[in-house]
Every structure is written in structure tokens, then in C-alpha cells.
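> Give me a model of this one.
(2 chains)
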Amino acid sequence: MRLLDRHMTLFSGSLRTLLRRESDRRRCADSPYAWLFQPYMGEELVSLACTVTPTQSSPVISLAAVVLSQQQVHTSRAFVITLSSAKPPDSASLRRHHLLCEAGAVLTSNSDNLGALVEFIGNRPIVGWQLEQRLGALNALLSKRLNFALPNAQVDVAKLHQRQLRRLHPEVEAPSNFAQALACWQVPAMAVQSVLGEATASALLYIRLQRIMAQTA
Amino acid sequence: MVDVDLSQLPFTLLDDEGRDHIRRGIDLAYFDRDEIILESGQAGEFVFLIHKGEVAEIDPTLPSSTSRIGHYTAGDLFGAISILNGKSRYRFKAEQECLCYLLPKALFQQLCRQYPDFSNFFRQSLTHKARLLTEKRAEGGVTMAGFMLAKVSECMREPLLMSAATDIASAVKQLNESHADSLLVETQDTLGIVTKTDLLNALVLDGHAITSSVDEIAHFNLVTAAPDQYLFEVLVLMTRHKVARVVVLEQNALKGVVELTDVLSYFSSRSYVVSLQVEQANSLEALSVASQRTPELVKALMAQGVKLRFAMDLLAALNGRIMSKAWDFTINERYHEQSCMMVMGSEGRGEQILKTDQDNGLILADDTQWPELASHMQTLTDTLIQLGYPPCPGNIMVSNPEWVATVTQWKGNIAKWARERDGDSLMKLAIMLDAHAVAGNPSLLESVRDELFERCSGDELLLSYFARTALRFSTPLTLFGSLKKPQHGIDIKKGGIFPIVHGVRTMALERSIKATSTFDRLDALAADGRLDRRFADDLGEALALFSELRLKQQLSTLETAADAKEANSQNSSRANRVVVQNLSSLERDLLREAMHIVKDFKQRLSHRYHLEYS
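Purely as a prediction, here's the structure:
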């Protein structure tokens, strides 16, 4: 079942993303990032949470990535940064954003810092709540600086959550928010207002949902 | 950084930097129900801090009924000792789905090196735990140190039995030959005892001839014990009956004699000699000195791990003797027959450990002529204050004329209280139910108490009003049956002790049980069939646990407040508060179980006395 889930997520997404990923792969075949396009064979995943504040020049992105396995969430190895354009355009909004997300060091969104981020994530599958929407700004930034968007397989826990809900109650309709989903599966919400908290919580939600699916399968 | 609550022990022993280290270094792990988190024999790799869920500590070598030796819930730590020891001695299993923070071994060891206090915390809890476990495994689960386990049979002497016709001269000869201090005689199937002092008195004071037979001077009201009783109980008997020798009988067959000197040589630590000091005191000053030493005695007993019930018995006997002596010193002997001093409240139930307020009253025979009564009683109260019994804030003392009355007046009062049934009357009835005579003529109290039972035990409506008070305070358990954990602690007197004491008191009233101690009442109720034996035992154990926790608290406040007497009044309310977070997980487990017993008991009470809608 778990294997099936993984393949479902690998091949999910539109034809356009598939094609985009393929063209990215070809374009980066000779770059140092080529290995990111290799399929990942390990057991680990990366939980990603991302908050974006649009500003006039370029958006401020706070981001947390946490490695998880089937049982553990390695919060000690978390990667937390705030990316903004070279010259902080609006320090007030940056500070507010920073406080709100409780993210890590503020870095300029140059190719070095983005490179470190994709190196950390590697080719491991990405887990997160409503990934596509949250990663839009990051992918745009990546395409601009590094010439490719995140090629990783993506597991959207929001979709897993909805699917599991439908399995239990076929009539269920209302899409729920993150806090409701956590409460629904009795996952403790640990400081969800910070990006690291959100990443950790979505990792826990993923582990929890995996276990439930394994039981009901 | 992860947001983890580090505001509890042992993390409070770290500074901010250390706590930051932890926040940076911990991981999270999820465990399914029944999943084994740490197997016995496995090397410890992490310290686990539970964020959510419950974990059981299991000793796989024990049979399954007793194998569960520990229980951890949210906020608890485990696995540290496994790291210190190199491997885990026990198995840790998730009893519910669990979410734990994992503190890696390397980080933990680094913190232990940097912060000695932090390290000591775990080493101490290791020894503490080891001690608890050995105690738990001790035979019968009785927490008594070695010397307390001494039985009468280990300390008894061969009896020197002589025929009734033996004359004094040959008796003395035989006593000297066998280096004995007393002899026993048997006449008409009853045993009598003759001590050296008796022989002397008989010859010198009473003018007996040396040819007269020993049974003329023997005492036949013997205090007896069985060979398998604890030596400690014999000490209690000796104190209570003011004797120095106890005869050991096994199914009416003479086995031996235990002498006070032998018992004392067993309990040679000076603290145990308090009872002897009390006996020997022939002035108020000497009595006061002995009386001041009772907290020391309590501490020594607790340090030895004496079972609380025995300690309570000894203390009740001692306090009784002290008060009775105080009475002897202050009240003229001609009034002794016509009056009875009673103690009430916890003193009356014999559940006093440390001295608290005096709750006492006086019953007079109907035709007593006692002109200076008021001034005598004032002196008595003052004397008791001098002996270390603080005055009662509710003024339930012999110096208050309201608590001094003749038998008829008392009976009238009881009838009035039983009729009125308001809060004040019910409280006074409860106080009278626990009354216990300590000095004077106890038969006066008995007749008053007989009246009390006659008036009240059949009155269902009164019983229902009476029982309701037991439900007044809520049991500090959460909706899910775990202990409430407020920061300021749970009030163990209101939450645990009071409902048991009052509930049992009500049932004893219903069944006209005369015993005043809650433990004895429980025994009597079980014998009566009113409660099943197991439940009665459970209630007794729960009460003992509460009292023990409370006593620990009191002893610790006694230590801290030794130099600041003004703080005493504040401390007395704090002394009842037990902060759950400071308990070991084993104690917490016991406390939770005990609270469940209280809750169960309250339900039974409300069912029996129809309190559902009140």
C-alpha cells in the first residue's frame, strides 16, 4: 500500500509538470545539480513548510525543511531560513514576517543560498501541507536563479488527509484547514505559527496518516 | 529550534544556554500503541521526553501481574538511567500512541558533564528508584526496615514459672539463680506475675512474712502478646498499659516474657526512648522535654520506613500518655472519678502524627461539685499549650465552657444537634463521634457515645445529611482519570483524606461501631459485612498513602520553618498541598490509584445515602 502511495505521488501532477521536470532534467544534465533528478531509493523524506510575503520588488520567503523517516522527525537537523532579495526593501515588513514565522537567519536569495537549500533537500521526496500553492514562489525563485524548479516527488498531506477522510466517510465534502486536520487525527499542533512548527506538524501528520492507512489497508 | 516545554525539573537545573542546546538537539519520534520503545538489555541511545501518550516500564522477568513497575505520561522523562547504566534494565512499551522528544545520548552526556546538578538529578533518581523497588519487592510489600521487622519471638525470655505455693524466700533464691527479674505463677488456670519490686514492696511496705506464698502478691491483670507480633507493637502495649513486662502467649500456652529493657536494647537509637521519658517524667518540665521530642521520633520512624499505621498507633499512645500526665499534674485527684477528658478530631481517631491543635472537651458526672472548674480548665489548656499542643482555632478546648458539660447536658446537646441538622450541628456530631477518653473516668464518655449512636444510627435522614459533607470537595482527577496537575499542588486533605475519614465515620455511625480510628472502623465495617474486605483494605492503604505524603510535606515545612515561627500559619495550609510534578512516577502512580479509590468510595456513598441529587 505504501509503495502504491509513493508511486501515486510520483506520477501525480499534471502533464505540464511532468514535462517541465523532464526538460529541467535535460537542461541540468551537466550542472552540479544533476543528481537531484535521480530517483531517490532511501527511506527518508523532507517535510517542507513555506510562508511567503509579497513585497514590491521580490517576495520574502520563510522556509523550514525537516528530515523525517517512518518513525522519527529529525528536528535537530532542521533547515530554517528566511530569504529576501539582496537589499531588504522594507525592513519593517521583513521584521514582521520574521517574527510571525519565527524562522532562522535572514539570507539574500542568491544562488549560493538557494543551492544550499536544494542540497539539503536533495532528491528525497517532499512532504507538506498544500505543497503546490506554497512552493509556487520558491519554485519561481529557483527557476530564476538556478534554472530549475524543485524536481522532487511531492506528497501533499492535505490530499492524503482528504483521501483518508473520504475513505472513512464518503460524503465528507468540506475541505479542512491545517489546524482542523491536525485535530482530526489527534496530532499535537506544536507551534504551528512558526515555519519549523508547521513543517514538524505536517511531518507528524504524514507519519500518522501513513500508519492509519497501513492499518486500514 | 523546536518549541519544547523545558520549565520542569530536571531542565530547570540547566541555564538558558543548556536549554537552547536541548532545543537545537532534540528529535521527535512517534510510537504506535504496544510498540516497544526500549527493550531490556538494549543500549540506551536517547533520553525520551514524552510529549503525548503513555509509556509503561516493564520488568519482563516478573510475572505479568506484577511486571508493570512504572508509568510515564506527558512531561515525564525516561531512558536517562539506561544511558547512565549503559543498557536498559527494563522494557519500555507505549501503552498508547506516543509522541516523544528524543535527546541523543551524546548531547545528554555532554549536558551531564557541563551541569553537575543535572547529572546528580539522574543519579539520585536512580538510587531513589532502586530503593523503592527493593522496598516494593520486600516480602508482603511491607515497607519496614530490618529492625522494625523484629518479632516478639526474637526478643523474649524464658518464663520462670513457679507453683502458687512457693514462698517468697525460695522465690527470691530462684530469681537470683536464674538472673531473672520477674516470675510467673499459675493459680486456678490464671497466670499472675511477680516482679522484684513487688517482692520488695511486699516484704518492706506490706509486712508479708518471707514464708507467705507468692500468689498473694501476684498481679493477675496481665498484658499479653503473641510470639509473631512485631516487637514494635509490644512497645505500644507497654506504653499504653504503663507496664514494663509483657507475657507472651501462644493459643493460651505460656511462651515467654518480654521486658522493656530488652525491647529498648533492640530500639537502642535514642529517639525511641521518648516513651520511656514520658513515663518517667515527674514534673511538667520533664514532660515538656519529652513531648518536644516527638517530631524527632516521627522523623526517625519515617526514615526507617516504618509503616505509617504503626507509627500512628505509637504516637497516639504517646500523646494519650502525655495528656493524661498533664491532667494528673494539674487536676486534683478527687475530681478524677467524676470527670472525663476526651480528645477529638484526628487526635481522637489516633491519626495524629505531628502535634496539631488541641481538640478536647470535658464530661462531668451529673452531680459533680467543682467550684474552681473554670480556672482549673484554663490551667489545663495552658499546660497543654506549654507541652507543644497549639490552641484550637475553633476554640474546641476544655477552657471553653461550651465544651465542658455534664453527662445529661451532653446528651441534650446531642439530641439537639441531631434534630437541627445544620452545618454547625453536623460538625459537632462528627467531632463527638471521634471522641476518645484520655484521662479521668472513661465510662462517662461511653454513656454519652451510646446516646449518640442511639439517636443517630437509625436516622436515615440525618445520615444522609451527615454523609453529604464527604462529597464537598472534588477529587483531583481529570475527566480522563489522570491526576490533575495544578502548579500550586493538589490539596490532599480535602481531595483524599477527608472524604475517606468522613465517609467511613458515617458508615461507622450507621452501624454503631465504637472504634474511633479510621483503620479500625474499616476493619469493623469489613467484619460487619458492610464493606467487602478488599475494598476496605484498599481504602486503608489509600488513606495511609495520603497521610504519608502529607507527613512528608509537613516534616519538610517543619525543617524550613524551624527558625521562622510566624510562617507557621501559612505553612499549615501549604502542608496539605502535594505538587504532583515533584513526585516520582511511582508515587504519582500510587497517588492516582488512591484517588480512583476515593472516587469509587464517594460514588458508593452517594448511592447508599441517596446523595445523587444533592
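
> distance of residue B:297 from residue B:346?
18 Å (Cβ to Cβ, to the nearest Å). Where C-beta positions appear, they are placed from N, C-alpha and C, glycine not excepted.

> Residue B:513 belongs to a strand?
No. Secondary structure of residue B:513 (DSSP: H, G, I helix; E, B strand; the rest coil): coil, not part of a strand.

> I'd like to check which residues are in contact with it.
B:507, B:521, B:524, B:525, B:528 (Cβ atoms under 8 Å, 6 or more residues apart in numbering or on different chains).

> Could you do residue B:99 as well?
Here residue B:99 is in contact with A:188, A:204, B:28, B:29, B:30, B:31, B:50, B:51, B:52, B:53 (Cβ under 8 Å, 6+ apart).

> Do I have it right that residue B:477 meets residue B:490?
No. Look at residue B:477 against residue B:490 with Cβ atoms under 8 Å: they stay out of range, at 9.5 Å.

> overlap in contacts of these two?
Common contacts of residue B:477 and residue B:490 (Cβ under 8 Å, 6+ apart): B:483, B:484.

> Those two: which has the busier surroundings?
residue B:490 (22 against 17; other Cβ atoms under 10 Å in any protein chain shown).

> Could you report the distance from the more buried one to residue B:160?
57 Å.

> tell me which element the residue lying closest to residue B:608 once chain neighbours are set aside is part of?
Nearest residue to residue B:608, sequence neighbours excluded (Cβ to Cβ, 6 or more residues apart in numbering or on different chains): residue B:467, at 7.6 Å. Using DSSP states H and E, residue B:467 sits within helix B:460-468.

> got the buried residues for that helix?
B:462, B:463, B:464, B:465, B:466, B:467, B:468 (16 or more other Cβ atoms under 10 Å in any protein chain shown).

> what about the stretch 101-250 of chain B, any weak spots by pLDDT?
For the stretch 101-250 of chain B, residues meeting the criterion pLDDT under 70 lie at B:125-149.

> Which positions in it make contact with chain A?
Selection of the stretch 101-250 of chain B residues close to chain A by Cβ under 8 Å from any Cβ of the partner chain yields B:102, B:104.

> Show me the strands in the stretch 101-250 of chain B, by range?
For the stretch 101-250 of chain B, the strands defined by DSSP state E, counting those that start in this stretch occupy B:161-163, B:182-187, B:190-195, B:224-225, B:245-250.

> Turn these into JSON lines, columns for distance to residue B:430 and mean neighbour count.
Formatted as JSON lines, the strands of the stretch 101-250 of chain B follow (distance: least, Cβ to Cβ, whole Å; neighbours: other Cβ atoms under 10 Å in any protein chain shown):
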{"stretch": "strand B:161-163", "distance to residue B:430": "49", "mean neighbour count": "14"}
{"stretch": "strand B:182-187", "distance to residue B:430": "45", "mean neighbour count": "20"}
{"stretch": "strand B:190-195", "distance to residue B:430": "42", "mean neighbour count": "19"}
{"stretch": "strand B:224-225", "distance to residue B:430": "34", "mean neighbour count": "18"}
{"stretch": "strand B:245-250", "distance to residue B:430": "35", "mean neighbour count": "20"}
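
> Serialize those strands to a markdown table and add fields for distance to residue A:151.
Shown next, in a markdown table, are the strands of the stretch 101-250 of chain B (distance: least, Cβ to Cβ, whole Å):
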| stretch | distance to residue A:151 |
| --- | --- |
| strand B:161-163 | 103 |
| strand B:182-187 | 101 |
| strand B:190-195 | 101 |
| strand B:224-225 | 88 |
| strand B:245-250 | 90 |
